[in-house]
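> Fold the following.
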Amino acid sequence: TQLHSADALQWYNKAASQGDLESFYQVGHMLLYGALGTPQGQAVPANPAEGIGIVFRAATNGHHGASYDMYQAYKDGRGVAKDTVQAYAWLQLNVDTDHTPFLPSAHRPQLNQLALDVDVATSQEGKRLAALYRSGRWPELVVQAAPEVKPAPVASVPKAPAKPAPSAPPRPAPVLKLSSIAMGQNPVAMINGKMLGVGET
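Residues are numbered from 1 along each chain as shown. Model prediction:
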């Protein structure tokens, strides 16, 4: 069976640029976790620093699955620093906004277990933050870039002095291309293939 994840990501990007919230979320989810793919070249490498920003915007625009991804990200430290209070708040929000008719939230057992695992102060603060998020008062997202992997040192070999490189021609001014604008509680624009929110550069 072939899994064309890279192709799927391109289609999700196109649909997201037209304002489709589900596709917008799927782009963030695939970047947050990465995706396997076959044949060769169809895998999507994980990019948590970029993916978490997109998932966060999907969550703040009411996507239910995105709020669960935010819980997982804070629990595991994926794209953000580990934070038990934030993890609790996002899981509480996910459970509170699950409107599946006649059935309890699928993540209620996880929330119950988390409440047993943390102290009272953590659960109370998590509930307080979840209530703020439900009212539309969202937190500031602080993205944590992946740590740089430095190559192992190698023995230095004396080299002949390098000739000065010819001066490079002046670089042209960057071109900004606006692909789409998605309105909602937290409007975003796709500029040069990147999703940017209000105030972001």
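> Every contact and neighbour count from this point should use C-alpha atoms.
Noted.
> For stretch 13-30, measure first residue to last.
This stretch, stretch 13-30, spans 11 Å end to end (CA to CA, to the nearest Å).
> Find the least confident helix or strand in this protein, judged by mean pLDDT.
Ranking every helix and strand in the chain by mean pLDDT, DSSP states H and E puts strand 178-182 at the bottom, with a mean of 64.
> Could you tell me how far the next helix or strand after that one lies from the centre of the chain?
Next in sequence after strand 178-182, counting helices and strands by DSSP states H and E, comes strand 188-191. Mean-position distance between strand 188-191 and its chain equals 15 Å (CA atoms, centre = their mean, to the nearest Å).
> just stretch 59-79 next, same as before
That offset, for stretch 59-79, works out to 8 Å (CA atoms, centre = their mean).
> Same check on stretch 16-26?
13 Å.
> tell me the phi and psi of the residue nearest the centre of the chain?
The centre of the chain sits closest to Ile52, judged by CA atoms, centre = their mean, with a distance of 1.5 Å. Main-chain torsions, Ile52, degrees, to the nearest 10: phi -70, psi -30.
> next one: the one 10 residues further on
Backbone torsions for Gly62, taken as degrees, to the nearest 10, come to phi 90, psi 10.
> show me what contacts it?
Not one residue lies near Gly62 by CA atoms under 8 Å, 6 or more residues apart in numbering.
> so how many other residues sit close to Trp138?
15 (other CA atoms under 10 Å).
> Tell me where this protein has helices.
5-17, 21-33, 48-60, 64-76, 84-96, 108-117, 120-134 (DSSP state H).
> Nearest approach to Thr201 belongs to which of those?
Shortest separation from Thr201 across the helices of the chain is recorded for helix 48-60, at 13.2 Å, computed as CA to CA.
> And the closest one, what does it pack against?
Applying 3 or more CA pairs under 8 Å, 6 or more residues apart in numbering; DSSP states H and E, one finds that helix 48-60 contacts helix 21-33, helix 64-76.
> JSON lines for those, including mean neighbour count?
JSON lines is the format used below for these (neighbours: other CA atoms under 10 Å):
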{"stretch": "helix 21-33", "mean neighbour count": "23"}
{"stretch": "helix 64-76", "mean neighbour count": "21"}
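> between those helices, which one is nearest to Gly197?
When the helices and strands packed on helix 48-60 are compared (using CA to CA), the closest one is helix 21-33, at 13.1 Å.
> Report the mean per-residue pLDDT for that closest one.
Taken as a whole, helix 21-33 has a mean pLDDT of 96.
> Let the chain start at 730 from now.
Noted, 730 is the first residue going forward, which turns the last one into helix 750-762.
> relative orientation of that helix and helix 777-789 in degrees?
150 degrees (axes from the mean of the first three to the mean of the last three CA atoms, to 10 degrees).
> need the helices of the chain in CSV with distance to Glu869, can you?
Listed next are the helices of the chain as CSV, based on distance: least, CA to CA, whole Å:
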stretch, distance to Glu869
helix 734-746, 23
helix 750-762, 17
helix 777-789, 10
helix 793-805, 13
helix 813-825, 11
helix 837-846, 23
helix 849-863, 11
